[in-house]
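Asker: after the sequence you'll find the predicted model.
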Amino acid sequence: MSALSTLDWLALALTAQVAATTTLALLLLSTPLAWAIVRMRSRLRVVIEAAVALPLVLPPTVLGFYLLILMNPEGALTQALRALGFDGQLSFGFSGLVLASVIYSLPFAVQPLVHAFEAVPRNLLDAATTLGAGRWDRFRSVVIPLSRRGFLTAATLSFAHTVGEFGVVLMVGGNIPGSTQMVSIAIYDHVEALEYSQAHGLSLVMLIFAMVVLSAVYAINRRLVVRP
Amino acid sequence: MSLQGELRLQVGGFVLDTGPFTVPLQGVTVLFGPSGCGKTTLLRAIAGLEKDVQGRLSFAGQHWLDAGRAVRAVDRRVGFVFQGAALFPHLNVEQNLAYAQRRSGGTVAERNAVVERVGIQPLLRRSVAQLSGGEAQRVAIGRALLTKPQLLCLDEPLSGLDWQARDALLDLVDELAHESALPILYVTHSAAEVERLASRVAFMQQGRIVAVESFQHALSQPRSPLFEQDGPTTVFEGHQERGEREDLRCFVTHSGLRILLPPLAAEQRGGTRSRLRILARDVGVALQPLDGISIQNQIPARIITLEPYRFGRVLLSLETEPGDRLYSEITQLSAERLALAPGQTVYALVKSVALIR
C-alpha cells in the first residue's frame, strides 16, 4: 500500500463520501418516487418510468454535458440554490458530484424499489386497512418490512454504481486531484502516466472492497427472505 | 338495527349494482351465489375497501356512504377475514395479533382472551409460514376480533381447507355468532355452509342482491338456488335428547317432532342448538306405517303440495303433526301408483339424516 500517495487516499476518501451521500439521498428520494410510480394508474406512469430509466441508456458524457450546463454558476439552478443560502458552486465541487451521481444512479435505486413494492400483495394492505392502519402506517408497517431486500438491492446498486462512475464525474467534477478526483479517474490517470504500481494499489483496494461488500450483501439478503 | 343501502361499482368489466337491500344486524347473514356474481366485491365495498363506490350505505344508523361522502375503511370498524387469511408474513402469530390489538387501543388482557377464545395459544410463537390453512384462518379470525369490530366479514374463509379444518372453523364461527352480539356477513358458494351457519341468506346473481330471506324461508322455496347441487333439503333446528333406549339419541325440533338418530351422528355433536339435515331424495312415503323394514323414522304427515320436479320426479311438501315442513322427492311413477294428492295423510320414511351442527 505504500505505493499509494496522499492524493490517492484523498481520491478513495472522496469516492466513499460521494457514494455514501448519494446512496442516502437516493434512498430518501426513490422511496416516495417508487411508491408513487407503483400506485399510479394514469398513463403518466410510462413517461415517468422512462424518464427514470434514461441514465441507463444515455452515454454518461451526454448526461454529464447537460448536467454541466445545468450547474453553470450563473445558471438558474445555482442562483436558486444561492437564494436558499447555498454559497458554493455546483460544478467542479462536492455538491455537484453528488447531484450528478444521484441523477445518474436514479434507476438503480428506483427500479428495485418499484419491483419490491409491486410484489407486496394487495390483500395484505387491505388487511392492514381493516386492522386500523392508515396510509402512512401501512407503508411503514407492511410495505417497508416486506421490501427489505428491495432496499438492500437499491442501496448496494446505488453505492456500487456511484463508486464505479467515470464519465459523469469526469465532466461534472473536472478531475481536480485532491478535490474532485474520484478513484476511477485516478486509476485512469495513473495508467496514462505509466504509474502501474499506484494503479495496482488503488485497483486492489477497490477489488477487495467490492468483494467484501458484496459478500456482506448476499449474506444479509439471505437472512431477509420472508416466506409468504 | 340493520345494514341498509344500495351500492353501485364498476371493477374492470364487472358491474356491481345491488339494488336496495336491508340486512338485519343479528346472527350470520350468508351472501350466497355462484362464483363471479360479486359477493366478494360487495363485501369489500361494505368494508370500505373498494374505491369509487356509488350509492348509499348505512350501518345501524351510521352513514358509511351518502351523497358521494364515504367513511374511510379504517373508521368503519369492520373486522375482515380474507380468503387465504392474509396474515403478515414478516410477523409471527403473536405479532399479527398485536398489530390489530394496538391499533384498536386494546389491552394485552383482551388479546389473551381472544387467543383463548379462538384456541391459538400453542401457535403464538410460530411464524406464519409454519401454519396450516385452518390454523392461519383461526389466527385471522382472532386478529379480526381484536379490532373490536361492530361487524365481522368473512370472505370464503374455508376455501382450500380439508374437511376437518372446515368443520372446526364452522363450529368456531357459529359459536362466535351465538355467544356475542357481533353480526356476521359470510360469503360462500357452498350450500352446506349456508345450512350449517345461516340465520338468513342474501342471494346474489350477476352483481345484484336478488333477495334477503330468513334461513327457514329460503329453505321453503323448492326452487331455491341453495338446492342446485343436492336437490331440495330440509333442515330442522332443535336439540338432542336421550331416546327411549339408553344407547340411542333423539333429535327434537322446536315444534316437538322427534327423530331417532343413528348412534355415530349423535356422538359427533352434542350441542343444544343442533341442526338436522335431510335430503328430499332420502325421504320416501308410504300410505301406512310399515313393519319389517329397517327404516326407523316413519313420520305421519299431510301432503301440502305435490309438484313435478326435475328428471321425471315429483317433489312433495309434507307437514308433520307438530307443524314442521319436510320435503320428499319420489318418482312420477310412485306418485301415480300411490294416487297421492294434496291433503292426503302419508308416512314419511326417512332413510338418512345428518347432524350438521
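Answerer: Nice, thanks for sending it over. Since the model is a prediction, treat every value here as computed from it, not as a measurement. Numbers count the residues shown, from 1 in each chain, chains lettered A, B, ... in the order given.
Asker: and the residue in chain A that chain B sits nearest to, what helix or strand is that in?
Answerer: Nearest to chain B, among the residues of chain A, is A:Gly132, at 3.5 Å (Cβ to the nearest Cβ). Using the backbone N, CA and C atoms, a C-beta is placed for each residue, glycine as well. A:Gly132 belongs to no helix or strand when elements are defined using DSSP states H and E.
Asker: how about the one 4 residues further on?
Answerer: Under the criterion of DSSP H and E, A:Trp136 resides in helix A:135-138.
Asker: give me the nearest residue to residue 190, chain neighbours excluded.
Answerer: Looking at chain A here, since you left the chain open. Nearest-residue entry for A:His190: A:Ala199, 4.0 Å, with adjacent residues in sequence omitted and distances by Cβ to Cβ, 6 or more residues apart in numbering or on different chains.
Asker: sorry, should have said chain B
Answerer: Nearest residue to B:Ser190 in three dimensions, chain neighbours excluded: B:Leu158, at 7.6 Å (Cβ to Cβ, 6+ apart).
Asker: do the same with A:Ser101
Answerer: Using Cβ to Cβ, 6+ apart and skipping the chain neighbours, the partner closest in space to A:Ser101 is A:Thr22 (4.1 Å).
Asker: and the one you found, what does it touch?
Answerer: With contacts defined as Cβ atoms under 8 Å, 6 or more residues apart in numbering or on different chains, A:Thr22 is in contact with A:Val98, A:Ser101, A:Val102, A:Ser105, A:Ser158, A:Phe159, A:Thr162.
Asker: A:Ala160 is in contact with the fourth one, correct?
Answerer: No - applying Cβ atoms under 8 Å, one finds A:Ser105 not in contact with A:Ala160, separated by 9.0 Å.
Asker: quick check: residues of chain A near chain B?
Answerer: With Cβ under 8 Å from any Cβ of the partner chain as the criterion, chain A comes near chain B at residues A:121, A:123-124, A:126-134, A:137, A:141-142, A:145-146, A:226-228.
Asker: and the pLDDT for the closest residue to B:Asn92 other than its chain neighbours?
Answerer: Distances taken as Cβ to Cβ, 6+ apart place B:Ser127 nearest to B:Asn92, at 5.3 Å, with adjacent residues excluded. What the model reports for B:Ser127 is a pLDDT of 95.
Asker: over to B:Ser127: give its phi and psi.
Answerer: Reported as degrees, to the nearest 10, the phi and psi values for B:Ser127 are phi -80, psi 150.
Asker: sorry, back to before: more neighbours: which of A:Ser105 and A:Ala160?
Answerer: Using other Cβ atoms under 10 Å in any protein chain shown, the more surrounded residue of A:Ser105 and A:Ala160 is A:Ser105, with 27 against 18.
Asker: that's a strand at that one, yeah?
Answerer: No - per DSSP: H, G, I helix; E, B strand; the rest coil, A:Ser105 lies outside any strand segment and is helix.
Asker: any stretches of the chain with poor pLDDT?
Answerer: Reading this off chain A. Within chain A, the stretches with pLDDT under 70 are A:1-2, A:226-228.
Asker: was after chain B, sorry
Answerer: For chain B, the stretches with pLDDT under 70 are B:264-271.
Asker: up against chain A, what does it have?
Answerer: Proximity of chain B to chain A is assessed by Cβ under 8 Å from any Cβ, with B:44, B:47-49, B:73-74, B:78-80, B:82, B:84, B:86-90, B:99-100, B:103-104, B:127, B:129, B:143-144, B:147 identified as the residues in range.
Asker: just the contacts of A:Thr22 now: which is nearest B:Val139?
Answerer: The shortest separation between B:Val139 and any of the contacts of A:Thr22 is 38.0 Å, and it belongs to A:Ser158 (by Cβ to Cβ).
Asker: hang on, the closest one packs against A:Ser105?
Answerer: Yes - the pair A:Ser158 and A:Ser105 qualifies as a contact (Cβ under 8 Å) at a distance of 4.9 Å.
Asker: list residues touching both of these two?
Answerer: Looking at what touches both A:Ser158 and A:Ser105 (by Cβ under 8 Å, 6+ apart), the common residues are A:Thr22, A:Leu26.
Asker: quick check, the residue in the stretch 251-357 of chain B closest to chain A?
Answerer: Counting by Cβ to the nearest Cβ, the stretch 251-357 of chain B gets nearest to chain A through B:Arg357 (28.2 Å).
Asker: no, scratch that, I was asking about chain B
Answerer: When scored by Cβ to the nearest Cβ, chain B has B:Arg103 as its residue closest to chain A, at 3.5 Å.
Asker: backbone phi and psi for that residue, please?
Answerer: phi -70, psi -20.
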